[in-house]
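Asks: Predicted coordinates and the sequence they were generated for:
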Amino acid sequence: MRNTITRKIVETTINGYTIEMENGKPTVVNLEPVVVFGNVTSERQAKRALVDVYGKETPVFIGEIKSEEVQYEISVEKFIENATRIDPKASDETASEN
């Protein structure tokens with residue numbers, strides 16, 4: 001019997017910055033990177049992710065977008081503890097409604 005479950009997931013790290021005024025002069029301030037799951041392919045998507053974290057009132061700019069495929073592993077026991085069991089019949093009914 002299998003002891004672990006493994007999955008590959010794309011993680012995208014978005015490095016951004018903002019501009020703040022110090023003594024009447026603009027200063028570039030690097031923001032903490034934001035990591036999202038999925039392949040972010042456009043600056044618009046990246047900016048949306050930064051705004052979600054830093055808020056609309058902070059002017060954010062994109063520095064770098066870097067995606068990589070990473071592999072995760074979890075024990076079957078821990079997966080079952082954290083997962084929600086889905087009734088296959090309910091899934092089929094939901095799919096047919098769409």
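Replies: Cool, got the structure. Since the structure is predicted, the reported quantities are computational estimates derived from the model, not experimental observations. Residues are numbered from 1 along each chain as shown.

Asks: For the rest of this, base every contact and every neighbour count on C-alpha atoms.
Replies: OK.

Asks: Next one, pLDDT for Val76 please.
Replies: On the pLDDT scale, Val76 is placed at 94.

Asks: which residues sit in contact with the residue nearest to it when sequence neighbours are not counted?
Replies: Nearest residue to Val76, sequence neighbours excluded (Cα to Cα, 6 or more residues apart in numbering): Thr4, at 5.1 Å. Residues near Thr4 by Cα atoms under 8 Å, 6 or more residues apart in numbering: Glu73, Ile74, Ser75, Val76.

Asks: Count the residues that sit near the last one.
Replies: What that stands for is Val76. When neighbours are defined as other Cα atoms under 10 Å, Val76 has 14 of them.

Asks: Same check on the first one?
Replies: Neighbour count for Glu73, taken as other Cα under 10 Å: 11.

Asks: After the helix or strand containing Gly16, which helix or strand is next?
Replies: When elements are assigned from DSSP states H and E, Gly16 belongs to strand 4-22. Downstream of strand 4-22, the first helix or strand assigned by DSSP H and E is strand 25-30.

Asks: helices or strands up against whatever helix or strand comes next after that following strand?
Replies: With elements assigned by DSSP H and E, the helix or strand that comes after strand 25-30 is strand 34-37. Here strand 34-37 touches strand 4-22, helix 43-54, going by 3 or more Cα pairs under 8 Å, 6 or more residues apart in numbering; DSSP states H and E.

Asks: Adding mean pLDDT and distance to Ser67, write the ones you listed out as TSV.
Replies: Converted to TSV, these look like this (pLDDT from 0 to 100; distance: least, Cα to Cα, whole Å):
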stretch	mean pLDDT	distance to Ser67
strand 4-22	96	4
helix 43-54	96	11
